[in-house]
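**Q** One predicted model, sequence on top.
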Amino acid sequence: MPNSDVLAELRDIRKLYGKGKRAVHALRGIDLKIYKGEFLAIMGASGSGKSTCLNIIGCLDTPTSGTYMLGGVEVNRLSKRGLALLRRYYIGFVFQSYNLLERSTALENVELPLIYQGIPFKERRKRAISALEAVGLKGNEHHLPSELSGGQQQRVAIARAIVKRPILLIADEPTGNLDSEMSHEIMRLFSDLNKRDGITIVLVTHERDMAEYAERRIILKDGMIVGEE
């Protein structure tokens, strides 16, 4: 591991949807440690529980039972406001859909999380420009999403995720809308951010060749971890 310190830990995490005979056991006792500075991939077929697991890691959902620790904080004891603050300041998200504001420039899209944090204009503008440069988009600051390719739009989304300097970057099928060549380009960018900047990344994917970019891979099936590479 790049660092032996544990950043996040899931202990006997279970997630149940519904009740009675119609209840769905999405997660069935997940035990997982995520180390500072590592690049972890969570793999599995559709319905394996990987997205549910990622949502809990990213504080977008809470477990039915079990304990989730992130940065020394017992996440499952936090209020909704506490979870929102954790996401706002400490977790970056990249999704399959870029979720960019169509009428805002690349620079304005990247600045958005810093506005929510109350960062002054000059500081957030400086950090947004730096984030765009880090993902290879120097010179594209004032382009609208419609003026960018799919790969460039995903790079803007990645810049938006890293601009707040998160302790954890969550990537949920980030190459799902891209062709093969651009998918590998985006995965090389994630790898560079991990190795160069030490950003801890958790990736969910069902594609083996995308998961190969991670240094550790866990495999989920029927809500349980059935393998690790």
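**A** All right, it came through fine. Numbering: from 1, shown residues only.
**Q** Next, give phi and psi for the most centrally placed residue in the chain.
**A** The centre of the chain sits closest to residue 170, judged by CA atoms, centre = their mean, with a distance of 0.9 Å. With angles defined as degrees, to the nearest 10, residue 170 shows backbone torsions of phi -100, psi 130.
**Q** Does residue 226 lie in a helix or a strand, and which?
**A** Taking DSSP states H and E as the definition, one finds residue 226 inside strand 224-228.
**Q** Need the contact partners of that strand.
**A** Counting by CB atoms under 8 Å, 6 or more residues apart in numbering, the neighbours of strand 224-228 from elsewhere in the structure are 27-32, 49, 216-220. C-betas here are computed from N, CA, C, even on glycine.
**Q** try 7 Å
**A** With CB atoms under 7 Å, 6 or more residues apart in numbering as the contact definition, strand 224-228 has outside contacts at 28-30, 32, 218-220.
**Q** do the same with stretch 95-112
**A** The list of residues contacting stretch 95-112 from outside it, by CB under 7 Å, 6+ apart, reads 124-125, 128-129, 131-132, 137, 140-146, 148, 153-154, 156-157, 159-160, 163, 172-174, 176-177.
**Q** Tabulate the CA atom coordinates of the strand holding residue 226 in PDB.
**A** Backbone C-alpha positions of strand 224-228 (Å, rounded to 0.1, in the frame of the first residue of the first chain) are rendered in PDB as follows:
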ATOM      1  CA  MET A 224     -20.600 -10.000  -0.500                       C
ATOM      2  CA  ILE A 225     -16.900  -9.700  -1.200                       C
ATOM      3  CA  VAL A 226     -15.900 -12.900  -3.000                       C
ATOM      4  CA  GLY A 227     -12.500 -12.100  -4.100                       C
ATOM      5  CA  GLU A 228      -9.500  -9.600  -4.000                       C
END
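**Q** Pull up the pairing partners for it, direction included.
**A** Strand 224-228 pairs in its sheet with strand 216-221 (antiparallel), by DSSP bridges.
**Q** Can you give me the buried ones in the strand it pairs with?
**A** By 16 or more other CB atoms under 10 Å, the buried positions in strand 216-221 come out as 217-220.
**Q** picking up where we left off before, residues in contact with the residue nearest to the centre of the chain?
**A** Applying CB under 7 Å, 6+ apart, one finds that residue 170 lies in contact with 54, 57-58, 91-93, 202.
**Q** switch the cut-off to 10 Å
**A** 54-55, 57-60, 87, 91-95, 161, 200-204 (CB atoms under 10 Å, 6 or more residues apart in numbering).
**Q** just the buried members of those residues?
**A** In terms of neighbour count (16+ other CB under 10 Å), the buried residues within the contacts of residue 170 are 54-55, 57-60, 87, 91-95, 161, 200-204.
**Q** Which ones among these lie within helices?
**A** With helices defined by DSSP state H, the entries of the buried ones among the contacts of residue 170 inside them are 54-55, 57, 87, 161.
**Q** can you give me the strands for the chain?
**A** Taking DSSP state E, the strands of the chain run over residues 6-17, 24-35, 39-43, 65-70, 73-74, 91-95, 168-172, 201-205, 216-221, 224-228.
**Q** Quick one: those as JSON lines, columns for mean pLDDT and distance to residue 107 too.
**A** Output for the strands of the chain, formatted as JSON lines (pLDDT from 0 to 100; distance: least, CB to CB, whole Å):
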{"stretch": "strand 6-17", "mean pLDDT": "97", "distance to residue 107": "30"}
{"stretch": "strand 24-35", "mean pLDDT": "96", "distance to residue 107": "31"}
{"stretch": "strand 39-43", "mean pLDDT": "97", "distance to residue 107": "27"}
{"stretch": "strand 65-70", "mean pLDDT": "97", "distance to residue 107": "30"}
{"stretch": "strand 73-74", "mean pLDDT": "94", "distance to residue 107": "32"}
{"stretch": "strand 91-95", "mean pLDDT": "96", "distance to residue 107": "17"}
{"stretch": "strand 168-172", "mean pLDDT": "97", "distance to residue 107": "20"}
{"stretch": "strand 201-205", "mean pLDDT": "97", "distance to residue 107": "24"}
{"stretch": "strand 216-221", "mean pLDDT": "97", "distance to residue 107": "34"}
{"stretch": "strand 224-228", "mean pLDDT": "96", "distance to residue 107": "40"}
